[in-house]
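>>> Provided below for reference: sequence and predicted model.
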Amino acid sequence: MMPLRPLFAAALLVLVAPAAAGQTRSRATASTPRPAVQLISGPMLGYVTQRDAMLWAQTDGPARVQVRYRAEGTAGAWTVTPAVETTADGSYAAHLPVSGLEPGVRYAYDLVVNGRAMPRPYATVIATQPLWQWRTDPPTVTVAIGSCAYINEAAYDRPGTPYGSDYAIFQTIARMRPDAMVWMGDNIYTREVDWWTPEGIDRRYQHARSLPDLQPLLAATAHYAIWDDHDYGPNDADRSYVQKGAALGLFKRYWANLSYGLPETPGVFGQFQVGDAEFFLTDDRYHRAPDGYPTDDPEKAFFGDAQFQWLIDALTTSKAPFKFVVVGGQVVNPVAIYETMATYARERQRLFDEIARRRIPGVVFLSGDRHMTELQRLDRDGAYPLYDFTSSSLTAGTSRPAPQEVDSPTRVPGTLVTAHNFGTLTLTGPRTDRTLTMRTYGVDGTMLWERSIRAADLAYPRN
């Protein structure tokens, strides 16, 4: 592993090396105190439930890291979590569980590194989910979504115009104070110098995560993530990627989801809840057959059998009025182009058939990948329409529809956006009549479009 502070390490070697003949040794010696350990990135808030949360941070050297917290607006004593040691083998990253919280309370917190509190110049808050079940209607909640976050590094980027820009979008999202954010893949972009080794992938995570514009958003919003090809491996990578085990380990190191896969089935898929909405995170890479298989090949797996069965069973069990299925690539788009699920036609049809056969209400797909945003609607005979909210790109280069999808019959008019943007999902209304409002915003927070759907519109007719 490359050291996290190569320039400092090199300077230290110069300072302590024996003096050459005829040279005067520097006044700095091996006993010169090493600067205090600093944060490279974070704190980042991972999952947040009604009584528990997970915080993440990364230091520039070995350290004892803790969290101190107390109810926001109070001046009482801090509660301090047990210490976690950051080590070189773990990229000096720390996962810091915070438990025993109370529902519906906002807690101010600070990181404590080697006994020294490190307040940030922006809000650091854990807002636990309220306990509304059997008591009140569900709360109004807003979840931000986005994909395709490219952070430039000129030495390793392709020559020419930088591919990443508009990093201020992260500060715009932070100012909206969403309850959570879902990162829908391509959350970093590994380069040719990165993806052949675990150390290379690790360096790319370190570089992207430490972006200054990103830190306020990380610190006060719950974050959940899946991956797509660029944060899994090379472009269009599939199950044959030789470093997929290392990539999975590093994904777990840099994110703080509630879970990853099943004991017998590795991957980044999992599930979480915000208010009365449930999110089903999927993995479209680890078990994916190569794109080059014939479209109708029965062996052309997208999720793979084990993950597919988990997804359908979890959707069947869910009582949520809106069930958000988060996928790296587009699902509803019927055009078999690039990496839409239509290029895996058999599994896509199987997914739709199972939703219909089991009469699962409230399914909405969320996707990234396309470097453009659009809302797609697929009408079905005898069943409610399936929506797919594609939200892309946050900072990576933007794109436009391919010629064969310019006049797509499934695109909801007025929802195509080809500039940097992010989306939000807001759930409102009483428990028995919830409404989902989907919005897309530009870099400066200007709303670009808005569409609403009632839960009742995503139900099956009564027999």
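Done, it's in. Residues are numbered from 1 along each chain as shown.
>>> any idea how far residue 48 lies from residue 173?
According to CB to CB, to the nearest Å, residue 48 and residue 173 sit 17 Å apart. Yep, even glycine has a C-beta here, placed from its N, CA and C like the rest.
>>> Could you list the low-confidence segments of the stretch 51-200 of the chain?
The model of the stretch 51-200 of the chain has no residue with pLDDT under 70.
>>> need the strands for it, in chain order.
Secondary structure of the stretch 51-200 of the chain (DSSP state E, counting those that start in this stretch): strands at 53-59, 63-71, 79-80, 84-86, 93-98, 106-113, 116-118, 125-127, 141-146, 180-184.
>>> all helices of the protein, in order?
6-16, 169-176, 198-209, 215-220, 229-232, 244-254, 305-317, 345-357 (DSSP state H).
>>> which of these is buried the deepest?
Comparing these by mean neighbour count (mean count of other CB atoms under 10 Å), helix 229-232 ranks first with a mean of 27.
>>> Can you list the helices and strands that it packs against?
On a contact count with 3 or more CB pairs under 8 Å, 6 or more residues apart in numbering; DSSP states H and E, helix 229-232 meets helix 244-254.
>>> the inter-axis angle of the helix it packs on versus strand 53-59?
Here helix 244-254 points in a direction 100 degrees away from that of strand 53-59 (axes from the mean of the first three to the mean of the last three CA atoms, to 10 degrees).
>>> So which of the strands of the stretch 51-200 of the chain is nearest residue 322?
Closest approach to residue 322 among the strands of the stretch 51-200 of the chain (CB to CB): strand 141-146, 10.4 Å.
>>> Could you check the angle that closest one makes with strand 180-184?
Going by the same axes, to 10 degrees, strand 141-146 makes 30 degrees with strand 180-184.
>>> Might one say that residue 173 is in contact with residue 144?
Yes - with contact defined as CB atoms under 8 Å, residue 173 counts as touching residue 144 (5.3 Å).
>>> can you give me phi and psi for residue 192?
For residue 192, the backbone dihedrals are phi -60, psi -30 (criterion: degrees, to the nearest 10).
>>> gap between it and residue 243?
Per CB to CB, residue 192 is found 13 Å from residue 243.
>>> Pick out whichever of the two has more residues nearby.
residue 243 (21 against 10; other CB atoms under 10 Å).
>>> ok, that one - contacts?
Residue 243 is in contact with 195, 196, 197, 198, 201, 233, counting by CB atoms under 8 Å, 6 or more residues apart in numbering.
>>> ok, so of these, who is nearest residue 321?
residue 233 (36.3 Å).
>>> contacting residues for residue 456?
Neighbour list for residue 456: residue 433 [criterion: CB under 8 Å, 6+ apart].
>>> my guess is residue 299 contacts residue 289, does it?
Yes - the pair residue 299 / residue 289 is scored as a contact, 6.5 Å apart, by CB under 8 Å.
>>> Those two: which has the busier surroundings?
Counted by other CB under 10 Å, residue 299 and residue 289 do not tie: residue 289 has more neighbours, with 17 against 8.
>>> Could I get the contacting residues of the more buried one?
By CB under 8 Å, 6+ apart, the contact set of residue 289 is 238, 239, 297, 299, 300, 301, 302, 344.
>>> since we're on the closest residue in space to residue 40 that isn't next to it in sequence, how many residues are nearby?
Spatial nearest neighbour of residue 40, chain neighbours left out: residue 58 (4.5 Å); criterion: CB to CB, 6 or more residues apart in numbering. Here the count is done by other CB under 10 Å, and residue 58 has 24 residues near it.
>>> Show me this protein divided up by domain.
Following automatic domain parsing, the chain resolves into domains at 1-120, 141-458.
>>> Give me whichever of the ones you listed is most buried.
For those, average neighbour numbers computed from mean count of other CB under 10 Å are highest in domain 141-458, which has a mean of 19.
>>> circling back to that earlier point, between the helices of the chain, which one is closest to residue 378.
From these, taking CB to CB, the stretch that ends up closest is helix 345-357, at 8.2 Å.
>>> give the contact list for the closest residue to residue 117 other than its chain neighbours.
Leaving aside its sequence neighbours, residue 117 sits nearest to residue 110 (CB to CB, 6+ apart; 4.8 Å). For residue 110, the contacting residues are 67, 68, 69, 117, 118, 119, 120, 124, by CB under 8 Å, 6+ apart.
>>> any idea which of these is closest to residue 283?
Taking those together and measuring to residue 283 by CB to CB, the closest member is residue 67, at 29.4 Å.
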